[in-house]
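Student: Need the 3D shape of this:
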Amino acid sequence: MGEENGFAGEVSNGEAAAAPVSCLCTYADEGSTESQRYHAARRTLLEMLRDRGYAVPASEINLSVQEFRAIHGQNPDVERLRISVAHKFDPSKRIQVVFAGPCLVKVSGIRFIAASLPNRESLTGVILVLENHITKQALNALDLFKFKVEMFQITDLLVNITKHVLKPKHQVLTEEEKQRLLKKYSIDEKQLPRLLKKDAIARYYGLEKGQVVKVTYSGEITGSYVTYRCVW
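Tutor: Residues are numbered from 1 along each chain as shown. Okay, here's the model as predicted:
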């Protein structure tokens, strides 16, 4: 009787049997917003470095937010979030990621970062993650670094843009691949479509002027096709 008409919770006396109901609140993240943001940004940064050819352990990328909180707590210390990795094929290339913290970045902050970089003589680049504005004087102080300095707002790192379903696949060509491409079509790099250096994809891969990217588009209507773009 209780399962008549397909309703397992129905009983013969007309009273509804209590059934366990999943509440949406059970799926809510009870951790701090700060730890969630830092975890997401750190993961994107690790994926970015991996895609640039740096040696990044998969275990670090796949660290869950719960595991991240177990290590760094609900209010992570930005100093402990620093990342330092070497390139897989050229260990002499080493880059470090520094989180600047929530405060306004002033000259004193840049000087502190410069002084606190370990083995900075061996570094070839620094990625500075900002949560606030950086003053004009602080920007000028970046001359203290003898290598390339890239800056990203943490809000730009909460999602990996290369994973977006509508984004075409990008592949950075080596110098040899670039030269073969130009020779094959008897063209100069200036004749290729342009990709601005400030473009989000160019910034993700850390591209410099003159580098060429193979872009593969795929869609149900347009089908699959390839084009090449040169960074300017």
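
Student: For this structure, give me the ranges with low pLDDT.
Tutor: Across the chain, residues meeting the criterion (pLDDT under 70) sit at 1-29, 222.

Student: Give me the helices and strands touching the helix or strand hosting M48, please.
Tutor: Assigned by DSSP states H and E, M48 falls within helix 33-51. Helices and strands touching helix 33-51, as assessed by 3 or more C-beta pairs under 8 Å, 6 or more residues apart in numbering; DSSP states H and E, comprise helix 58-61, helix 65-72, strand 83-86, strand 94-99, strand 125-130, helix 200-205. Where you see a C-beta, it was placed from the backbone N, CA and C, and this is true even at glycine.

Student: want to try TSV for those, with distance to T44 as columns?
Tutor: As requested, those are exported to TSV (distance: least, C-beta to C-beta, whole Å):
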stretch	distance to T44
helix 58-61	10
helix 65-72	13
strand 83-86	11
strand 94-99	11
strand 125-130	10
helix 200-205	9
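
Student: Select, out of the ones you listed, the one closest to I161.
Tutor: Comparison of the helices and strands packed on helix 33-51 against I161 by C-beta to C-beta identifies helix 200-205 as nearest, at 5.5 Å.

Student: For whatever helix or strand comes next after that closest one, report the contacting residues that lie outside it.
Tutor: Reading on from helix 200-205 to the C-terminus, the next helix or strand found by DSSP H and E is strand 212-219. Outside of strand 212-219, the residues that reach it under the criterion C-beta atoms under 8 Å, 6 or more residues apart in numbering are 168-173, 177-178, 181, 189, 192, 195, 201-202, 205, 207, 224-231.

Student: Please list the members of the residues you listed that lie in helices.
Tutor: With DSSP state H as the criterion, helices contain E177, K178, L181, I201, A202, Y205 from among those.
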